[in-house]
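Colleague: Provided below for reference: sequence and predicted model.
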Amino acid sequence: MRTKILLSFFIISLTFILSVNAQIPDRKGWWKFDDATDLVKATTGDPLVIVGMQTSVDGPAEGNKATQIPLGNYLLMTHKIAANGGGTMVNEYTLQIDFSIPVANAWYAFFQTDLTNGGDADLFTNTTNAIGVGELGYTSKTIASSTWYRMIVSVKNGELFKVYVDGVLWLDGAARDIDGRFGLADKLMVFGDNDGDDGTINCSELGIWDVALDEEQVKSLGGATGERVPVRTKMGLWKFDDTADLLKAEVGEPLVLSGTQQSVAGPDEANKAVQLNSGSYLKMTTGILPNGGGTLANEYSIQIDFAVPQTGAWHAFFQTDAANANDADLFTNTSDHIGTSATGYTTNAIIANKWYRMVVTVDNGEFYRIYLNGELWLEGTKQDIDSRFSLGSELLLFADEDGEDGTILCSEVAIWEVALTEAEVLELGTDPANQLPERMGQWKFDDVTNLMKATVGNDLVQIGNNTSASGPANQNLAISVPSSSYLEMTHGMYGNGDGFMVNEYTLQIDFMIPEAGIWHCFMQTDPNNTGDGDLFTKTSNNIGTSATGYTVDAVVANTWYRMVVVVKNGSYFKLFIDGQPWLSSGGQAVDGRFALAEKLLMFADEDGEDGTIHCAEISIWDVPFTDEQVAKLGNATTIPTAVNDIQLSENSDLGQNYPNPFNNTTTFDYRVREAGKVSFQVLDITGRVIKEIEKGVQDAGNYKLELNAETLNHGIYFMKMYAGKLTSTRKMIVR
């Protein structure tokens, strides 16, 4: 029966993949380089033209050849796409390039829209092996030498420029103007550059479409041999914060309860948990297809945030037998160590009523690992493919067939279809009691062509006028909102806090006032803007409102602040500046002042108490933060580590350190463009400066920086380089 269920699941999944593939439009041009006697031959469209020379080489798989284009040579493509996107050029298209680079840490050019080859190419890998171009920035992820990749560039001038690698979005660049950069003439130069930044590159396939493919279409194209590429994002996520529906999924399918459960307090005030007693368990639909070379899922990762109210007893974490007819596959035993007889048990033991974030990474045939709060607790005995720990379509949580499943509390469960790396495990955080919830909305104002664009949630709506302005740091822009203008936010939150309106939330506003001694308004809960705003700076530059009182401290003109407002109507109203508490007052009535309707107005007031204000970022959450969580947000120039899509490096001058993660020492390659003073800062995850390194005045050239970890504790840090007016930042992990 188990085999039949798995086969049905696989057929349904395969049918879904094929249906997605069927939605991909036909390519306008397609070149595969498998004919060594005619390397410019087209499968679809016109043959390519080689300018210079090329040779036939092996491709990503047996029978799949490639062409090698040396430095100074390129291919000329006639794509036959008519002008589109509202301009006289091709403004909407998708380009596929299956490529590998023979040597890392060199420049490679992918395509060039200037047919005279009189300027820089339009997409590169740079010497740190990141993909991008100076105008848009570079990816935080990097490529390796002698590895095949399928890169998809989806362009819609005026709206988007996106680069995907093996089905995963690596770069979400700001859209360029119609008929501007990335607009195509009747031909396109592939692998060409004007000044030698076009190292020898191998290409096994080129394709072009006359539309911008969406993310699902790109995913279905897979990798360089067309295989489906496992995603490194969560396949399932369950958080247990909704007491009315403890089985609800944030990602994936709802859980199914066998037995009873109850809602209990979690690791902190804003994070609830579920309690399951002996004999009760949860059933998860994993969504993971067979992988790892077998008929079952042999590669995956599971995160379980848990606490046990009683030690000295057996507790079961998960069970791969959907019928619960066998022993569970992970326990704490009576000595409070974690493991199972097949893998061995941890040396360390857990403590009662302490919260842990456990991550189990499995790759049958390769390894079995258990991490607790970011630290490797067990390098277990690896199992065979399709044997113990391999998954079918369903997985049981906290289930055991013979009573070795003591009462357990769980605040979060997540599952991935890949075995996460140690660095990825560390990025998940090291303490469930000190995690930041996911934002309901975020707006960063860095795209000057669309200042209303949301990073998370719904786009803002502009009422009146606004302009782009400088922000608190290099490459961090802001919006300037003048008097009588404001922004309308649809926050997407539901009524909470025992009311019909949103009574519990956290609001972050990174702001600067260009003029002191006047009124400025931060927020207005009346969506019609017919009453006073709900938070001001008054003429003495103190922050507050008549309902809460005002801060003792005052803000200063032309200084950037990160303000965090924490609201729990019925209990408290708190205001923090740069992580420090500035104001705390009693809460307003449930559904009273500060409660939010469907929309929230930013910087609006009905009678002119809304002087010009600059804002670099707005974020909103549907829970009230603790003081510790607010402190983690740092200040307006803090590197926002909780944002998944951040481009950590503002330019390519500072390379990624190696090794990373590291124990003792690590090395950064860096480049100085012009002679001048060079310095570095080591920052912790909150943005606090831990160490400063002065290199003095250095001539233009390439250098190395060695960092000793002897003064750094285990965790995530950042290295920031200052060279003249340029900065560059890289993330590093100390084991």
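Modeller: Good, I have the coordinates.

Colleague: Could you pull out the strands in the stretch 201-350 of the chain for me?
Modeller: Using DSSP state E, counting those that start in this stretch, the strands assigned to the stretch 201-350 of the chain run over residues 201-209, 236-238, 256-258, 262-268, 271-276, 281-285, 299-307, 315-319, 330-332, 337-340, 344-349.

Colleague: Kindly report the same for the stretch 451-600 of the chain.
Modeller: Under DSSP E, counting those that start in this stretch, the stretch 451-600 of the chain gives strands at 461-463, 467-473, 476-481, 486-490, 504-512, 520-524, 535-537, 542-545, 549-554, 561-568, 572-577, 580-586, 599-602.

Colleague: so who does residue 676 touch?
Modeller: If a contact means CB atoms under 8 Å, 6 or more residues apart in numbering, then residue 676 has 697-698, 723-724 as its contacts. Glycine gets a C-beta too; all of them are placed from N, C-alpha and C.

Colleague: cool, and residue 436?
Modeller: 625, 629, 632-633, 642 are the contacts of residue 436 under CB under 8 Å, 6+ apart.

Colleague: roughly how far apart are residue 216 and residue 402?
Modeller: The spacing between residue 216 and residue 402, counted by CB to CB, to the nearest Å, is 44 Å.

Colleague: Residue 629 in helix, strand or coil?
Modeller: helix (DSSP: H, G, I helix; E, B strand; the rest coil).

Colleague: That one: what's its closest spatial neighbour, skipping adjacent residues?
Modeller: residue 436 (5.8 Å; CB to CB, 6 or more residues apart in numbering).

Colleague: State the pLDDT value of that neighbour.
Modeller: At residue 436, the model reports a pLDDT of 78.

Colleague: SS state for it?
Modeller: Applying three-state DSSP: residue 436 is coil.

Colleague: which phi and psi does it have?
Modeller: phi -90, psi 130 (degrees, to the nearest 10).

Colleague: Quick check: it vs residue 425, distance?
Modeller: 17 Å.

Colleague: Outline the domain layout of the protein.
Modeller: 29-221, 236-433, 441-633, 665-734 (automatic domain parsing).

Colleague: Excluding chain neighbours, what is closest to residue 527?
Modeller: Closest to residue 527 by CB to CB, 6+ apart is residue 599, at 4.4 Å.

Colleague: Was I right to think that neighbour contacts residue 490?
Modeller: Yes. Applying CB atoms under 8 Å, one finds residue 599 in contact with residue 490, separated by 5.6 Å.

Colleague: for stretch 344-361, how far is the first residue from the last?
Modeller: For stretch 344-361, the first-to-last residue distance is 15 Å (CA to CA, to the nearest Å).

Colleague: Would you mind listing the buried residues in that stretch?
Modeller: 345-346, 350, 355-361 (16 or more other CB atoms under 10 Å).

Colleague: Return the subset of those lying in strands.
Modeller: 345-346, 356-361 (DSSP state E).

Colleague: quick one: which of the residues you listed is nearest to residue 318?
Modeller: Distance to residue 318 across these (CB to CB) is lowest for residue 360, with 8.0 Å.

Colleague: What are the boundaries of the helices in the stretch 1-150 of the chain?
Modeller: Ranges of helices in the stretch 1-150 of the chain, per DSSP state H, counting those that start in this stretch, are 2-22.

Colleague: so what's the closest residue to residue 473 other than its chain neighbours up against?
Modeller: In this structure, residue 473 finds its nearest non-sequential neighbour in residue 637, 4.9 Å apart by CB to CB, 6+ apart. Residues in contact with residue 637 (CB under 8 Å, 6+ apart) are 472-473, 476, 560, 687.

Colleague: For my notes, please list the residues you listed in a markdown table and give neighbour count and pLDDT for each entry.
Modeller: Shown next, in a markdown table, are these (neighbours: other CB atoms under 10 Å; pLDDT from 0 to 100):
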| residue | neighbour count | pLDDT |
| --- | --- | --- |
| 472 | 21 | 89 |
| 473 | 16 | 78 |
| 476 | 19 | 82 |
| 560 | 19 | 95 |
| 687 | 22 | 69 |
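
Colleague: For residue 678, state which of the residues you listed is nearest.
Modeller: residue 473 (18.2 Å).

Colleague: Residue 443 versus that closest one, what's the distance?
Modeller: 17 Å.

Colleague: Can you tell me which of the ones in strands among the buried residues of stretch 344-361 is closest to residue 187?
Modeller: residue 361 (47.5 Å).

Colleague: Now do the same for the closest one: its pLDDT.
Modeller: Predicted confidence (pLDDT) for residue 361: 97.

Colleague: what's the answer for residue 632, then?
Modeller: 81.

Colleague: Tell me which helix or strand it sits in.
Modeller: helix 627-633 (DSSP states H and E).

Colleague: Name the nearest residue to residue 188, sequence neighbours excluded.
Modeller: residue 77 (4.6 Å).

Colleague: residues in contact with residue 205?
Modeller: So residue 205 contacts 30-33, 96-98, 150, 224 (CB under 8 Å, 6+ apart).

Colleague: Let me fix that, I meant to ask about residue 345.
Modeller: 333, 337-339, 378.

Colleague: Equivalent analysis for residue 113, please.
Modeller: Counting by CB under 8 Å, 6+ apart, residue 113 has contacts 122, 181-185, 188-189.

Colleague: In a markdown table: the contacts of residue 205, plus pLDDT, neighbour count and distance to residue 567.
Modeller: Below are the contacts of residue 205 laid out as a markdown table (pLDDT from 0 to 100; neighbours: other CB atoms under 10 Å; distance: CB to CB, whole Å):
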| residue | pLDDT | neighbour count | distance to residue 567 |
| --- | --- | --- | --- |
| 30 | 97 | 16 | 56 |
| 31 | 97 | 27 | 58 |
| 32 | 96 | 21 | 59 |
| 33 | 97 | 26 | 60 |
| 96 | 98 | 23 | 48 |
| 97 | 98 | 22 | 49 |
| 98 | 97 | 26 | 51 |
| 150 | 96 | 25 | 46 |
| 224 | 90 | 24 | 50 |
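
Colleague: Tell me the one among the residues you listed nearest to residue 249.
Modeller: Nearest to residue 249 among the contacts of residue 205, counting by CB to CB, is residue 150 at 30.1 Å.

Colleague: Verify the stated contact: the closest one with residue 223.
Modeller: Yes. In terms of CB under 8 Å, residue 150 counts as a neighbour of residue 223; the distance is 5.0 Å.

Colleague: Now do the same contact list for the residue nearest to residue 49 when sequence neighbours are not counted.
Modeller: Nearest residue to residue 49, sequence neighbours excluded (CB to CB, 6+ apart): residue 76, at 4.1 Å. Each residue near residue 76 by CB under 8 Å, 6+ apart is listed here: 48-51, 187-190.

Colleague: need the contacts of residue 205 in CSV with distance to residue 60, can you?
Modeller: Shown next, in CSV, are the contacts of residue 205 (distance: CB to CB, whole Å):
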residue, distance to residue 60
30, 16
31, 15
32, 12
33, 11
96, 13
97, 13
98, 7
150, 9
224, 4
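
Colleague: any idea which of these is closest to residue 262?
Modeller: residue 150 (47.7 Å).

Colleague: Beta-bridge partners for the closest one, please?
Modeller: residue 98 (DSSP bridges).

Colleague: And residue 721, by the same measure?
Modeller: residue 680, residue 728.

Colleague: Could you check the pLDDT of it?
Modeller: Value for residue 721, per-residue pLDDT: 90.

Colleague: now do the one 10 residues further on
Modeller: pLDDT, residue 731: 82.

Colleague: what's the overlap in contacts for residue 150 and residue 223?
Modeller: What both residue 150 and residue 223 touch, as defined by CB under 8 Å, 6+ apart, is the set 166-167, 229.

Colleague: Out of these, which is nearest to residue 133?
Modeller: Once CB to CB is applied, the member of the shared contacts of residue 150 and residue 223 that ends up nearest residue 133 is residue 166, at 20.1 Å.
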